[in-house]
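Asker: the following block contains a protein sequence and its predicted model.
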Amino acid sequence: MLERLKDSLIRSPIIKRGEYNYFIHPISDGVPSIDPHLVEEISDYISEIADMNVDTILTVEAMGIPVANALSLKTGIPLTIVRKRPYFLEGEVELSQSTGYSKGVLYINGLKKGDRIIIVDDVISTGGTLLALVKALQTIGVEVMDVISVIGRGDGYLKLRELGVEPKILVTIDVGEKGVEIKNVFGNQ
Ligand SMILES: O=P(O)(O)OC[C@H]1O[C@H](OP(=O)(O)OP(=O)(O)O)[C@H](O)[C@@H]1O
Ligand SMILES: Nc1nc2[nH]cnc2c(=O)[nH]1
């Protein structure tokens with residue numbers, strides 16, 4: 001399972017962002033191009049393992065969008081995108097995001113107390129993005145039914161356990177200067 005994802009990951013080129021070994025992959029970067037069959041393989045798999053009894057699929061700009069949109073089209077569930085710029089709408093929630101190589105601010109619009117959602121993102125590394133996002137969602141009173149990341153590296157995902165969330169990571173990798181190795185595939189117990 002997830003053969004296209006695994007095969008494409010082990011071919012990912014690595015660049016340095018400071019000291020950080022950054023892998024470049026279509027799902028996380030849109031580079032060189034995104035194979036729709038790869039996106040379909042991933043969104044099909046997510047629809048089978050996630051709680052899809054939700055009001056909306058939530059993703060984070062930018063690279064969570066291709067997979068989350070495919071899942072939305074497949075299930076007919078609306079897509080909500082957390083943006084990197086404000087809209088100043090009533091109830092907009094601002095949160096700061098940090099990753100292994102960047103810091104930023106995110107803005108949530110369109111969610112209200114009691115909404116049931118799943119979060120779909122492309123990568124979890126330090127866990128900084130999803131930790132801040134889940135904390136903000138919990139203050140709104142949104143019910144986070146599942147957190148899915150297509151790709152996982154490092155142990156940052158453990159931070160989410162402080163919030164009572166166990167993310168479902170489809171493929172866990174190791175990233176060295178030489179390349180990407182597959183560590184685990186979700187469901188491969
Ligand atoms: O677990 P973390 O260390 O937080 O890293 C994961 C985040 O990094 C990437 O986002 P980025 O802000 O690089 O933006 P992009 O999606 O626009 O590439 C990715 O889309 C995740 O949201
Ligand atoms: N493409 C990509 N996205 C990331 N997000 C966090 N770490 C990484 C990485 O190494 N590569």
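Answerer: Great, that's in hand. Numbering: from 1, shown residues only. Ligands and ions are numbered 1, 2, ... in the order given.
Asker: tell me how far residue 94 lies from residue 140.
Answerer: 12 Å (C-beta to C-beta, to the nearest Å). To be clear about C-beta, it is placed using only N, CA and C from the backbone, and glycine gets the same treatment.
Asker: look at these two and report which has more neighbours.
Answerer: For residue 94 versus residue 140, neighbours defined as other C-beta atoms under 10 Å are more numerous around residue 140 (14 against 10).
Asker: shouldn't residue 103 be in contact with residue 84?
Answerer: No. With contacts counted by C-beta atoms under 8 Å, residue 103 stays clear of residue 84, the gap being 11.4 Å.
Asker: those two: which is more packed in?
Answerer: Neighbour tally, residue 103 and residue 84, criterion other C-beta under 10 Å: the higher count belongs to residue 84, 13 against 9.
Asker: verify the stated contact: the more buried one with residue 102.
Answerer: No. Using C-beta under 8 Å, residue 84 and residue 102 do not qualify as a contacting pair, with a distance of 10.5 Å.
Asker: in the longest strand anywhere in the chain, what's buried?
Answerer: Scanning the chain for the strand with the most residues, using DSSP state E, yields strand 143-153. For strand 143-153, the neighbour count (16 or more other C-beta atoms under 10 Å) marks 144, 146, 147, 148, 149, 150, 151, 152, 153 as buried.
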